[in-house]
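> Compute the structure for the input listed below.
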Amino acid sequence: MNAIKIRHLFISPGHNFFGHHGEEAGVNPTLEVDEIECVSGRGVRGDRFFDYREDYKGQITFLAIEVFQEICQVLSAGTPSPGVTRRNVITEGMDLNLLVGKRFTLQGVEFEGVCECKPCYWMDQAIAPGGEAALLGRGGLRAKILTCGKLRVDS
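Numbering: from 1, shown residues only. This is a model prediction of the structure:
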């Protein structure tokens, strides 16, 4: 997995979209950090999905920066932080859809790609109108954490 570079890492202590259907989005901050701690079977320490549910498919989420930048350009969204998507790891250099159903290692931490991180209607607010449709089929990757370790932003 040397082709994958980590460009940004994000955590949030609470949910802004998840569980807010029919309500206003939450106001929990999305914090950009240089390092995250991945805990096997539990999630990312300090993130809203940590210990969410046993064997949860979205213990960690990934999004390709190339997809985000293209969508922002097409939707004339300016240059928002990729943190608006609420994904934990923003990568560069890999089609994340190829990792669905596969085990992979990144910076010494082993993951299992479970499924696409499907976009929801909130992306029309978070990115720009049309965000949900633009992300369909390339909204990122939900994964399980198989071994403990830390991920760091590549320099």
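> how many neighbours does the nearest residue to Tyr52 once chain neighbours are set aside have?
Of all residues not flanking Tyr52 in the chain, Gly43 sits nearest, at 6.6 Å (C-beta to C-beta, 6 or more residues apart in numbering). Every C-beta, even on glycine, is put in place using the N, C-alpha and C of the backbone. Counted by other C-beta atoms under 10 Å, the residues lying close to Gly43 total 25.
> So Gly43 sits against Phe49, correct?
Yes - under the criterion of C-beta atoms under 8 Å, Gly43 is in contact with Phe49, at a separation of 5.0 Å.
> Just the strands from this structure, written as ranges.
5-11, 31-33, 35-39, 43-44, 60-64, 89-92, 103-106, 109-116, 141-145, 149-152 (DSSP state E).
> Any buried residues in the lowest-mean-pLDDT helix or strand in the chain, and which?
Sorting the helices and strands of the chain by mean pLDDT, DSSP states H and E puts helix 123-126 at the bottom, at a mean of 88. In terms of neighbour count (16 or more other C-beta atoms under 10 Å), helix 123-126 has its buried residues at 123-124, 126.
> check contacts around the nearest residue to Ser81 once chain neighbours are set aside.
Spatial nearest neighbour of Ser81, chain neighbours left out: Glu32 (7.1 Å); criterion: C-beta to C-beta, 6+ apart. Listed by C-beta atoms under 8 Å, 6 or more residues apart in numbering, the contact partners of Glu32 are 8-10, 81, 83.
> Number of residues surrounding the residue nearest to Ile127 when sequence neighbours are not counted?
Spatial nearest neighbour of Ile127, excluding adjacent residues (C-beta to C-beta, 6+ apart): Ala77 at 5.3 Å. Ala77: 19 surrounding residues under other C-beta under 10 Å.
> biggest helix in this protein, by residue count?
Counting residues, the longest helix found in the chain (DSSP state H) is helix 65-74.
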